[in-house]
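Below: sequence and its predicted model.
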Amino acid sequence: MLETYLTFSFTAFLLALSPGPDNIFVLTQSIARGARYGIAVASGLITGCILHTSVVALGFAVILRDNEWLLLLIKIFGALYLLFLAYKVNQSSDEIKLDASVVNNNSWWKLYRIGITMNLLNTKVTLFFLALLPQFVVPNSTEEWIQIYILGGIFMLVSLAVFYSIAFLGGSAARFIRSSRWFAPVMKWLQIVVFVGIAVAIFIL
(Lines give C-alpha, C1' and ligand atoms only; values in the text may rest on other atoms or scores of the structure.)
Protein backbone atom coordinates (compact mmCIF):
# COMPACT_ATOMS: atom_id res chain seq x y z
CA MET A 1 0.00 0.00 0.00
CA LEU A 2 2.75 2.43 0.97
CA GLU A 3 4.72 1.56 -2.16
CA THR A 4 1.63 2.28 -4.26
CA TYR A 5 1.16 5.69 -2.66
CA LEU A 6 4.84 6.55 -3.12
CA THR A 7 4.64 5.57 -6.78
CA PHE A 8 1.50 7.62 -7.21
CA SER A 9 3.11 10.60 -5.45
CA PHE A 10 5.99 10.50 -7.92
CA THR A 11 3.53 10.25 -10.82
CA ALA A 12 1.54 13.19 -9.46
CA PHE A 13 4.75 15.19 -9.10
CA LEU A 14 5.67 14.59 -12.75
CA LEU A 15 2.19 15.55 -13.90
CA ALA A 16 2.08 18.70 -11.77
CA LEU A 17 5.53 19.73 -12.95
CA SER A 18 4.71 19.02 -16.60
CA PRO A 19 3.60 22.29 -18.25
CA GLY A 20 -0.13 22.53 -18.76
CA PRO A 21 -2.88 25.18 -18.72
CA ASP A 22 -3.06 25.22 -14.91
CA ASN A 23 0.59 25.63 -13.96
CA ILE A 24 1.22 27.89 -16.95
CA PHE A 25 -1.57 30.16 -15.66
CA VAL A 26 -0.03 30.11 -12.19
CA LEU A 27 3.33 30.97 -13.72
CA THR A 28 2.05 33.85 -15.83
CA GLN A 29 0.08 35.41 -12.97
CA SER A 30 3.00 35.21 -10.55
CA ILE A 31 5.30 36.75 -13.16
CA ALA A 32 2.78 39.47 -13.98
CA ARG A 33 1.89 40.53 -10.44
CA GLY A 34 3.92 38.58 -7.90
CA ALA A 35 4.06 35.24 -6.12
CA ARG A 36 1.03 35.80 -3.87
CA TYR A 37 -1.24 36.12 -6.91
CA GLY A 38 0.08 32.90 -8.39
CA ILE A 39 -0.55 31.26 -5.02
CA ALA A 40 -4.14 32.53 -5.11
CA VAL A 41 -4.75 30.88 -8.49
CA ALA A 42 -3.05 27.65 -7.37
CA SER A 43 -5.15 27.49 -4.21
CA GLY A 44 -8.33 27.89 -6.24
CA LEU A 45 -7.32 25.22 -8.72
CA ILE A 46 -6.61 22.69 -5.98
CA THR A 47 -9.86 23.52 -4.17
CA GLY A 48 -11.77 22.64 -7.34
CA CYS A 49 -10.07 19.25 -7.45
CA ILE A 50 -12.00 18.22 -4.34
CA LEU A 51 -15.21 17.98 -6.38
CA HIS A 52 -13.53 16.09 -9.21
CA THR A 53 -12.09 13.60 -6.73
CA SER A 54 -15.52 13.08 -5.18
CA VAL A 55 -17.10 12.42 -8.58
CA VAL A 56 -14.48 9.79 -9.38
CA ALA A 57 -14.58 8.23 -5.89
CA LEU A 58 -18.34 7.82 -5.73
CA GLY A 59 -18.61 6.70 -9.34
CA PHE A 60 -15.77 4.23 -8.94
CA ALA A 61 -17.31 2.66 -5.85
CA VAL A 62 -20.76 2.26 -7.41
CA ILE A 63 -19.96 1.32 -11.02
CA LEU A 64 -16.63 -0.48 -11.01
CA ARG A 65 -16.99 -2.80 -8.04
CA ASP A 66 -16.99 -6.44 -9.15
CA ASN A 67 -16.65 -5.41 -12.83
CA GLU A 68 -13.08 -6.25 -13.79
CA TRP A 69 -13.82 -5.91 -17.51
CA LEU A 70 -14.95 -2.31 -16.93
CA LEU A 71 -11.80 -1.57 -14.97
CA LEU A 72 -9.74 -2.92 -17.88
CA LEU A 73 -11.74 -0.73 -20.26
CA ILE A 74 -11.01 2.33 -18.12
CA LYS A 75 -7.32 1.42 -18.05
CA ILE A 76 -7.26 1.28 -21.87
CA PHE A 77 -9.24 4.53 -22.06
CA GLY A 78 -6.87 6.19 -19.61
CA ALA A 79 -3.79 5.26 -21.60
CA LEU A 80 -5.37 6.36 -24.88
CA TYR A 81 -6.53 9.61 -23.30
CA LEU A 82 -3.02 10.39 -22.09
CA LEU A 83 -1.67 9.69 -25.59
CA PHE A 84 -4.34 12.03 -26.96
CA LEU A 85 -3.23 14.77 -24.56
CA ALA A 86 0.36 14.24 -25.72
CA TYR A 87 -0.79 14.62 -29.32
CA LYS A 88 -2.68 17.84 -28.52
CA VAL A 89 0.39 19.27 -26.80
CA ASN A 90 2.51 18.34 -29.81
CA GLN A 91 0.09 20.21 -32.08
CA SER A 92 -0.02 23.30 -29.88
CA SER A 93 2.27 26.30 -29.92
CA ASP A 94 5.31 26.16 -27.67
CA GLU A 95 5.08 29.86 -26.89
CA ILE A 96 4.44 30.96 -23.32
CA LYS A 97 2.58 34.25 -23.33
CA LEU A 98 2.99 36.60 -20.41
CA ASP A 99 0.00 38.93 -20.37
CA ALA A 100 -0.38 41.05 -17.27
CA SER A 101 -3.75 42.37 -18.44
CA VAL A 102 -5.35 39.02 -17.57
CA VAL A 103 -5.09 39.81 -13.89
CA ASN A 104 -5.40 43.57 -14.07
CA ASN A 105 -7.31 44.96 -11.07
CA ASN A 106 -8.02 41.48 -9.68
CA SER A 107 -7.55 40.93 -5.96
CA TRP A 108 -6.11 37.81 -4.33
CA TRP A 109 -9.64 36.61 -3.50
CA LYS A 110 -10.87 37.15 -7.07
CA LEU A 111 -7.95 35.19 -8.48
CA TYR A 112 -8.69 32.40 -6.01
CA ARG A 113 -12.24 32.23 -7.32
CA ILE A 114 -10.96 32.31 -10.89
CA GLY A 115 -8.84 29.27 -10.08
CA ILE A 116 -11.84 27.39 -8.66
CA THR A 117 -13.99 28.29 -11.66
CA MET A 118 -11.30 27.25 -14.13
CA ASN A 119 -11.02 23.86 -12.46
CA LEU A 120 -14.75 23.16 -11.98
CA LEU A 121 -15.64 24.08 -15.57
CA ASN A 122 -12.87 21.88 -16.94
CA THR A 123 -14.49 18.48 -17.53
CA LYS A 124 -11.12 17.23 -18.74
CA VAL A 125 -9.95 17.24 -15.11
CA THR A 126 -12.64 14.72 -14.15
CA LEU A 127 -11.78 12.60 -17.18
CA PHE A 128 -8.13 12.81 -16.23
CA PHE A 129 -8.82 11.74 -12.65
CA LEU A 130 -11.00 8.89 -13.90
CA ALA A 131 -8.21 7.78 -16.21
CA LEU A 132 -5.41 7.95 -13.64
CA LEU A 133 -6.63 7.32 -10.09
CA PRO A 134 -8.22 3.86 -10.58
CA GLN A 135 -4.88 2.53 -11.86
CA PHE A 136 -3.46 2.86 -8.33
CA VAL A 137 -6.33 1.27 -6.41
CA VAL A 138 -5.15 -1.87 -4.59
CA PRO A 139 -7.66 -4.76 -4.93
CA ASN A 140 -8.91 -6.57 -1.81
CA SER A 141 -7.69 -3.79 0.46
CA THR A 142 -9.33 -0.67 1.86
CA GLU A 143 -12.66 0.33 0.32
CA GLU A 144 -12.14 1.60 -3.23
CA TRP A 145 -13.76 4.99 -2.65
CA ILE A 146 -11.56 5.58 0.40
CA GLN A 147 -8.46 4.78 -1.65
CA ILE A 148 -9.63 7.19 -4.35
CA TYR A 149 -10.01 9.97 -1.78
CA ILE A 150 -6.53 9.22 -0.40
CA LEU A 151 -5.05 9.27 -3.90
CA GLY A 152 -6.92 12.46 -4.70
CA GLY A 153 -5.60 14.04 -1.52
CA ILE A 154 -2.05 13.03 -2.39
CA PHE A 155 -2.47 14.46 -5.87
CA MET A 156 -3.76 17.76 -4.48
CA LEU A 157 -0.99 18.08 -1.88
CA VAL A 158 1.77 17.30 -4.38
CA SER A 159 0.25 19.62 -7.01
CA LEU A 160 -0.17 22.40 -4.46
CA ALA A 161 3.49 22.13 -3.44
CA VAL A 162 4.59 22.25 -7.09
CA PHE A 163 2.26 25.13 -7.97
CA TYR A 164 3.37 27.16 -4.94
CA SER A 165 6.99 26.58 -5.92
CA ILE A 166 6.21 27.76 -9.46
CA ALA A 167 4.57 30.87 -8.04
CA PHE A 168 7.55 31.71 -5.80
CA LEU A 169 10.02 31.17 -8.63
CA GLY A 170 7.93 32.95 -11.22
CA GLY A 171 8.82 36.50 -10.26
CA SER A 172 12.57 35.96 -10.12
CA ALA A 173 12.58 33.97 -13.37
CA ALA A 174 10.47 36.43 -15.36
CA ARG A 175 13.36 38.06 -17.21
CA PHE A 176 14.93 34.71 -18.09
CA ILE A 177 11.67 33.22 -19.39
CA ARG A 178 10.99 36.24 -21.57
CA SER A 179 14.48 36.17 -23.12
CA SER A 180 15.03 32.41 -23.41
CA ARG A 181 14.46 30.77 -26.78
CA TRP A 182 14.68 27.19 -25.57
CA PHE A 183 12.70 27.28 -22.31
CA ALA A 184 9.20 26.99 -23.83
CA PRO A 185 10.06 24.23 -26.36
CA VAL A 186 11.78 22.17 -23.64
CA MET A 187 8.75 22.53 -21.37
CA LYS A 188 6.46 21.48 -24.22
CA TRP A 189 8.41 18.29 -24.94
CA LEU A 190 8.73 17.52 -21.24
CA GLN A 191 4.94 17.46 -21.03
CA ILE A 192 4.72 15.12 -24.04
CA VAL A 193 7.28 12.73 -22.52
CA VAL A 194 5.40 12.61 -19.20
CA PHE A 195 2.03 11.88 -20.83
CA VAL A 196 3.42 9.19 -23.13
CA GLY A 197 5.48 7.63 -20.34
CA ILE A 198 2.51 7.27 -17.99
CA ALA A 199 0.33 5.94 -20.83
CA VAL A 200 2.90 3.24 -21.59
CA ALA A 201 3.16 2.39 -17.88
CA ILE A 202 -0.62 1.92 -17.69
CA PHE A 203 -0.51 -0.57 -20.56
CA ILE A 204 2.40 -2.50 -19.02
CA LEU A 205 1.24 -2.63 -15.39
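Everything's here; your move. Everything numeric here is computed off the predicted structure, so don't read it as measured data. Numbers count the residues shown, from 1 in each chain.

Would you mark the buried spots in the longest helix seen in the chain?
Longest among the helix segments of the chain by residue count, using DSSP state H, is helix 144-179. The neighbour-count check on helix 144-179 (16 or more other C-beta atoms under 10 Å) flags 144-145, 147-152, 154-156, 158-160, 162-171, 173-174, 177 as buried. C-betas here are computed from N, CA, C, even on glycine.

quick one, helices of the protein?
2-17, 21-33, 35-59, 68-91, 108-120, 123-132, 144-179, 183-204.

any chance of those in TSV, plus mean pLDDT and distance to Val138?
Formatted as TSV, those follow (pLDDT from 0 to 100; distance: least, C-beta to C-beta, whole Å):
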stretch	mean pLDDT	distance to Val138
helix 2-17	88	6
helix 21-33	75	28
helix 35-59	88	15
helix 68-91	75	13
helix 108-120	84	27
helix 123-132	75	15
helix 144-179	84	7
helix 183-204	71	16
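
Please work out which of those helices is packed deepest.
helix 21-33 (a mean of 23; mean count of other C-beta atoms under 10 Å).

That one vs helix 35-59, what angle?
Here helix 21-33 points in a direction 160 degrees away from that of helix 35-59 (axes from the mean of the first three to the mean of the last three C-alpha atoms, to 10 degrees).

Could you tell me how far helix 21-33 lies from the centre of the chain?
Averaging C-alpha positions (C-alpha atoms, centre = their mean, to the nearest Å) puts helix 21-33 14 Å from its chain's average.

Same question for stretch 115-134.
Between the centre of stretch 115-134 and the centre of its chain there are 8 Å (C-alpha atoms, centre = their mean).

And for that stretch, what's in contact with it?
With contacts defined as C-beta atoms under 8 Å, 6 or more residues apart in numbering, stretch 115-134 is touched by 11, 15, 21-22, 25, 40-49, 51-53, 55-56, 59-60, 64, 71, 74-75, 77-79, 81-82, 148, 151-152, 155, 198.

how far does that stretch stretch from start to finish?
End-to-end distance of stretch 115-134 (C-alpha to C-alpha, to the nearest Å): 25 Å.

swap in stretch 136-150?
Where stretch 136-150 begins and where it ends lie 11 Å apart, using C-alpha to C-alpha.

For Val138, give its distance to Gln147.
7 Å (C-beta to C-beta, to the nearest Å).
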